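Undergrad: only geometry, no sequence info:
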């Protein structure tokens, strides 16, 4: 008789659970269907996923996970765009969908002034780092901001006159961006000039050099492999510039500048854009 009464009591308690509809963990007064009031945090089921297209886990009856199943992946796995990384994933019925943003962005800033000159070959532009190591499989975009400012024009008042006496001219050359042993060339020019209005307006000689000329280019979009080191480099080769002091030779006032009066230089930005 005691066994029957105990069984009846248990059945009565269980029958009330759906009616109550609330479960409290760490609290006797749940304020929702599930109320967890603890300071240790909530730990998702930890699973070593294979890739985003492989279910890996099953339900207790052996079927694929139901849509909405959440797990915490514990490792990096995969060798292509379906690779997975440590973090939360949700099953959408056919794939695991990451519940975190895949952000990977590096900016390389020129850290040294560079004076250029013709006939000296490619000159390296110095940056604060020389390699890039991606975090994810997928496509990365590479943008390069380039600056070149021309030197001074030749005047009869110059310290190194060549008797060219030009008032306006262009000086330029070729930037070569190197990434993963592949070269990408961008040509750029900058203009300099002078104006002497003493005859007309009683003014003074004005010279214009290292004028602002900066442009931004998306050099390429390329698929990269996480963990691999990719070399990054930039050079500039100045061409001869008639009309400039010493034709733009290095070490003279006619030489060019790969910076804006020491303030504005070249920048390389590498960003992860998709899977």
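TA: Yep, that arrived. Bear in mind the structure is a predicted one, so any value in this text is a computation, not a measurement. Residues are numbered from 1 along each chain as shown.
Undergrad: that's a strand at residue 28, yeah?
TA: No: if the criterion is DSSP: H, G, I helix; E, B strand; the rest coil, then residue 28 is coil and not within a strand.
Undergrad: Tell me, how many residues neighbour the residue nearest to residue 23 when sequence neighbours are not counted?
TA: Residue nearest to residue 23 in three dimensions, not counting chain neighbours: residue 34, with 5.2 Å by Cβ to Cβ, 6 or more residues apart in numbering. (Each C-beta comes from the backbone N, C-alpha and C, glycine too.) When counting by other Cβ atoms under 10 Å, one arrives at 9 neighbours for residue 34.
Undergrad: Can you tell me how far residue 34 is from residue 42?
TA: Separation of residue 34 from residue 42 (Cβ to Cβ, to the nearest Å): 10 Å.
Undergrad: Then residue 240?
TA: Relative to residue 42, residue 240 is positioned 69 Å away (criterion: Cβ to Cβ).
Undergrad: Looking at these two, which has the bigger crowd around it?
TA: residue 240 (14 against 7).
Undergrad: Enumerate every residue touching that one.
TA: Residue 240 makes contact with 118-119, 247-248 under the criterion Cβ atoms under 8 Å, 6 or more residues apart in numbering.
Undergrad: Of those, which qualify as buried by neighbour count?
TA: For these, a neighbour count by 16 or more other Cβ atoms under 10 Å gives the buried set as 118, 247-248.
Undergrad: Looking at stretch 214-227 now, give me its mean pLDDT.
TA: Mean pLDDT, stretch 214-227: 87.
Undergrad: re earlier: residues in contact with the residue nearest to residue 23?
TA: Contacts of residue 34 by Cβ under 8 Å, 6+ apart are 22-23, 25.
Undergrad: Among the contacts of residue 240, pick out the one closest to residue 265, please.
TA: Comparing the contacts of residue 240 against residue 265 with Cβ to Cβ places residue 248 closest, at 19.5 Å.
Undergrad: Now that closest one. Its backbone dihedrals?
TA: Geometry field for residue 248 lists phi and psi as phi 80, psi 30, criterion degrees, to the nearest 10.
Undergrad: Quick check: closest non-adjacent residue to it.
TA: Closest residue to residue 248 in three dimensions, ignoring its sequence neighbours and counting by Cβ to Cβ, 6+ apart: residue 241, at 3.7 Å.
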